[in-house]
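Peer 1: 3D model of this:
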Amino acid sequence: MGRLFGTDGVRGVANEELTPLLAMQLGQAGAYVLAKGADHRPLIMVGGDTRLSGDMLANALMAGACSVGANVCYLGVLPTPAVAFLAKKHGADAGVVISASHNPMEFNGIKFFDGNGFKLPDEKEDEIESEIRAGMKDINFPTGDGIGKIDYRQDLVEEYIENAIHTVPADLTGMKLVVDCAEGAAYHTSIEALKRLGADIIPIHVSPDGVNINRDCGSTHMGELKQRVVEEGAVAGLAFDGDADRFLAVDEKGNLVDGDQIMGIVGKEMKRKGTLKGDTIVVTVMSNLGFFLMGEREGFNIERTKVGDRYVLERMLEIDSNLGGEQSGHVIYLSENTTGDGLLSALHLLQVMQETGKPLSELASIMTVLPQALVNAKVANDKKEHYLDYPEVAQACKDLEDRFAGRGRVLIRPSGTEPLVRVMIEGEDQEQIKEEAQKLADLISRVMG
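Peer 2: Next comes the predicted model:
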């Protein structure tokens, strides 16, 4: 059995890989590890997205936490960054999010935040996992009044909305926006915040039913949003993912504005105002080559990490940076929240549009996005880290890297959250790089089975 925790918590098909039993064990071991040494009864705050399996897993996890003596505050459906914010604000020992983010509805996940609102380091996750594997032999299970209780506080979501609009008090009066909430956790929070700031909202995919989350909508399926923005004559389109820690935009012409462009736009304005610490932006190796060229021109200090917003955050904390993120739309404003926050990111982008008076298409031209092709190869979870152990795959990877050396980039990596190996090529000819990426992905799938 491989490691339980991936780059974003524990993920799997609900009731198959991520079972109620495992959720209960994570509640028990997580509450024990994260509250170890505390001189008070631990408090765990729990929230999640809209998928059907969320209730099943949340209740199992909360039962586990209560069984080791922790109290639980159940927040209901709300974005991942809201759980991190509220856990810190209310002095909880931990926050837990039940979500599989942008994944299809049959998947779900469990991710932990510490009492300061930060995702756990690998060492803490390993400690939780080791308690589960050891059968929780170190954990005391109280009886009587030692058992924890659950407090249901869905009203606390209001504190997250109010904090967002006071943190970025943009005047959006009359700004016409099409907003895609992915049938997920943003369906109330983002719409409400934007309305309170005066925007003219055309909401789409805001009727979650438990099974439609991320289905042909949200930040991973932008086609409908692009079309609606043009049809409605909107100044921009906003797209969130299932748990609303990720945000992408569409300009008034129907063109995608990705995380790299958003960081460039907002970072330039922060630099001008003197609020960008060290004039530094932290990104991953997956950021477009055009971003790094833009960084040189605009005078940014660009720090690179491996893929995963948790690694971006770690580097930001190390160097005291306050802006970082991923091309996929996870953007962290560390002076304002401790994790990627789609709503804050959207408000920052809209504030730049409002203050400069420039259309989003003009702002997005801050960088030239070079063609990229990203193709996923489906492999078993227990094999995805070992693709270079297969000689045929290793040779094909080397051949491809040699072929594109000096004319682009080749990046091959296992997904941290799904049973996939991702093949990304960046170069001058879109058709060529797409064809080569597809060939390698097909080979990986065939050879690794």
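
Peer 1: Domain parsing of this structure, as residue ranges.
Peer 2: 10-152, 159-364, 372-448 (automatic domain parsing).

Peer 1: can I get those domains in TSV with mean neighbour count?
Peer 2: Yep, even glycine has a C-beta here, placed from its N, CA and C like the rest. TSV is the format used below for the domains of the chain (neighbours: other C-beta atoms under 10 Å):
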stretch	mean neighbour count
domain 10-152	21
domain 159-364	21
domain 372-448	17
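
Peer 1: Out of the ones you listed, point me to the one whose mean pLDDT is lowest.
Peer 2: Ranked by mean pLDDT, the domains of the chain end with domain 372-448 at the bottom, a mean of 86.

Peer 1: and that one, how far out from the chain's middle?
Peer 2: Chain-centre distance of domain 372-448: 23 Å, with C-alpha atoms, centre = their mean, to the nearest Å.

Peer 1: Over to that domain now: how far is its first residue from its last?
Peer 2: 25 Å (C-alpha to C-alpha, to the nearest Å).

Peer 1: right, and the helix or strand after the helix or strand hosting L343?
Peer 2: Using DSSP states H and E, L343 sits within helix 342-356. Using DSSP H and E, the helix or strand that follows helix 342-356 towards the C-terminus is helix 360-364.

Peer 1: can I assume S445 sits in a helix?
Peer 2: Yes. S445: assigned to a helix according to DSSP: H, G, I helix; E, B strand; the rest coil.

Peer 1: Give me the nearest residue to it, chain neighbours excluded.
Peer 2: A377 (4.6 Å; C-beta to C-beta, 6 or more residues apart in numbering).

Peer 1: Note down every partner strand of the helix or strand harbouring that neighbour and its orientation.
Peer 2: Following DSSP H and E, the helix or strand that holds A377 is strand 372-378. Neighbouring strands of strand 372-378 in its sheet, by DSSP bridges, are strand 420-426 (antiparallel).

Peer 1: who's in contact with the strand it pairs with?
Peer 2: 286, 288-289, 370-379, 384, 387, 400, 404, 408-415, 433-434, 436-437, 440-441, 444, 448 (C-beta atoms under 8 Å, 6 or more residues apart in numbering).

Peer 1: and if you look at stretch 260-269?
Peer 2: 247-249, 257, 276, 281, 283, 287-288, 290-291, 294-295, 298, 300, 323-325, 327, 329, 331, 345, 348-349, 352, 355-356, 363-364, 366-367, 369.

Peer 1: In helices, which of those fall?
Peer 2: 290-291, 294-295, 298, 345, 348-349, 352, 355-356, 363-364 (DSSP state H).

Peer 1: orientation of the helix or strand containing A437 relative to strand 420-426 in degrees?
Peer 2: Take DSSP H and E as the rule and A437 turns out to sit in helix 430-448. Following axes from the mean of the first three to the mean of the last three C-alpha atoms, to 10 degrees, one obtains 150 degrees for the angle between helix 430-448 and strand 420-426.

Peer 1: Remind me what helix 430-448 packs against, helices and strands.
Peer 2: Applying 3 or more C-beta pairs under 8 Å, 6 or more residues apart in numbering; DSSP states H and E, one finds that helix 430-448 contacts strand 372-378, helix 391-404, strand 420-426.

Peer 1: Those: which one's closest to G115?
Peer 2: G115 lies closest, by C-beta to C-beta, to one member of the helices and strands packed on helix 430-448: strand 420-426, at 33.0 Å.

Peer 1: Tell me where the stretch 151-300 of the chain has helices.
Peer 2: According to DSSP state H, counting those that start in this stretch, the stretch 151-300 of the chain carries its helices in the segments 157-167, 186-196, 223-232, 259-273, 289-298.

Peer 1: Quick one: closest of these to E123.
Peer 2: helix 259-273 (28.1 Å).

Peer 1: ok now the closest one, how far from the chain's centre?
Peer 2: 19 Å.

Peer 1: got it, and stretch 208-220?
Peer 2: Counting by C-alpha atoms, centre = their mean, stretch 208-220 comes out at 15 Å from the chain centroid.

Peer 1: Check the separation of the first and last residues in that stretch.
Peer 2: End to end - C-alpha to C-alpha - stretch 208-220 spans 17 Å.

Peer 1: ok, and what's touching it?
Peer 2: 49-52, 54, 77, 102-105, 180-184, 187, 204-205, 221, 223-225, 239-242, 246-248, 328-329.

Peer 1: now with 6 Å?
Peer 2: The contact list for stretch 208-220 (C-beta atoms under 6 Å, 6 or more residues apart in numbering) reads 50-52, 102, 105, 180, 182-184, 187, 205, 239, 241-242, 246, 248, 329.
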